[in-house]
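[1] Next input, structure requested:
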Amino acid sequence: MLSDDDRRKAAEILLSAEECRTPALQLTKTFPDIQIADSYAISSLVTETKIARGDRLIGHKIGLTSKAMQASSQIDEPDYGHLLESMLLNDGAKVRFEDYCVPRVEPELTFILKEPLKGPGIGLVDVLRATEWVVPSIEIIDARVQNPRKIQDTVADNGAAAGIVLGGRPVRPDAVDLRWVGAIFYRNAEIEETGLAAGVLGHPAMAIAWLANKVGRFGTVLEPGHLMLSGSFTRPVWAAKGDTLHADFGPLGSVSVQFV
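    Predicted structure coming up:
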């Protein structure tokens, strides 16, 4: 485990990398003894610093929700990060490519809560009962540390969260079988990825249940009104300057973002 001083130093490294748009040396190299618990503490320090500067917590993101991504990261559970108001974008948003280090994008479903969720013991039905809307989304992910990254690097880097684009047709959680919500993901005019939301832990609501149980042990509650980004059901797609990324969710509409 790292000392409090080392955790603060790591948080400062990540904040500086984000401000300079230049990935830093992997924290696992700078701090070889770093553990997952350290990484979550570092992520929280970065978030607390941004909130102290005027930002606002609006929810959480869950990542590494597919078996393939967990295997590639050599872990056996998802990870999570924080969503801040400054990350929230509207459908069709134009974002500056230079505002990111190495941006990639993923199609996901966002759950908007109407009731609090506090673990342990939260299951799929609890999540559906507590959810007001499910919204088609694109997550922008970024890397404030260099490749190749270990799981400790990604977790400390807020689960790579960098932006969330909401769009399409919001639905009530019982309006469709969320397992069968699919997306065709385009970069410009070319299809890059396709997938079904069942790829997220068998049902995307299970990602929210996992998070509620994970943070519930520390007394943290998932709050009403917060956005819960449930995890990608495709591989991430690289974004270059000038690219438009477009996710077609079929009956649930579409959502897009352009890098300019």
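[2] how near is residue 86 to residue 101?
    With distances taken as C-beta to C-beta, to the nearest Å, residue 86 is found 16 Å from residue 101. Any C-beta I mention is one placed from the backbone N, CA and C, and that applies to glycine too.
[3] what do you get for residue 64?
    In this structure, residue 64 lies at 20 Å from residue 101, with C-beta to C-beta as the measure.
[4] got it, and residue 217?
    Residue 217 sits at a distance of 32 Å from residue 101 (criterion: C-beta to C-beta).
[5] Please identify which of these two sits among more neighbours.
    Between residue 217 and residue 101, counted using other C-beta atoms under 10 Å, the more crowded position is residue 101 (19 against 9).
[6] just checking, residue 171 touches residue 253?
    No - here residue 171 lies out of contact with residue 253, judged by C-beta atoms under 8 Å, at a distance of 9.6 Å.
[7] Among these two, which residue is more densely surrounded?
    Taking residue 171 and residue 253 together and counting by other C-beta under 10 Å, residue 171 has the greater number of neighbours (19 against 16).
[8] Give me the spatial nearest neighbour of the more buried one, chain neighbours excluded.
    On the basis of C-beta to C-beta, 6 or more residues apart in numbering, the spatially nearest residue to residue 171 that is not a chain neighbour turns out to be residue 134, at 5.4 Å.
[9] could you say which helix or strand contains the one you found?
    Using DSSP states H and E, residue 134 sits within strand 131-141.
[10] And that strand, what's buried?
    Using 16 or more other C-beta atoms under 10 Å as the test for burial, strand 131-141 gives 131, 133, 134, 135, 136, 137, 138, 139, 140, 141.
[11] What of stretch 164-183?
    Within stretch 164-183, judged by 16+ other C-beta under 10 Å, the buried ones are 164-168, 170-171, 173, 178-179, 181-183.
[12] do the same with stretch 35-54
    Within stretch 35-54, the residues that qualify as buried by neighbour count (16+ other C-beta under 10 Å) are 38, 39, 40, 41, 42, 43, 44, 45, 46, 47, 50.
[13] Check stretch 246-260 too.
    By neighbour count, and taking 16+ other C-beta under 10 Å as the criterion, the buried residues in stretch 246-260 are 246, 247, 248, 249, 252, 253, 254, 255, 256, 257, 258, 259.
[14] Whichever strand or helix holds the first one pairs with which strands, parallel or anti?
    The reference is to residue 246. Residue 246 belongs to strand 244-248 when assigned by DSSP H and E. Based on DSSP bridges, the strands next to strand 244-248 in the sheet, each with its direction, are strand 182-187 (antiparallel), strand 254-259 (antiparallel).
[15] Now do it: distance to the chain's middle.
    17 Å (C-alpha atoms, centre = their mean, to the nearest Å).
[16] No further queries at this time; thank you.
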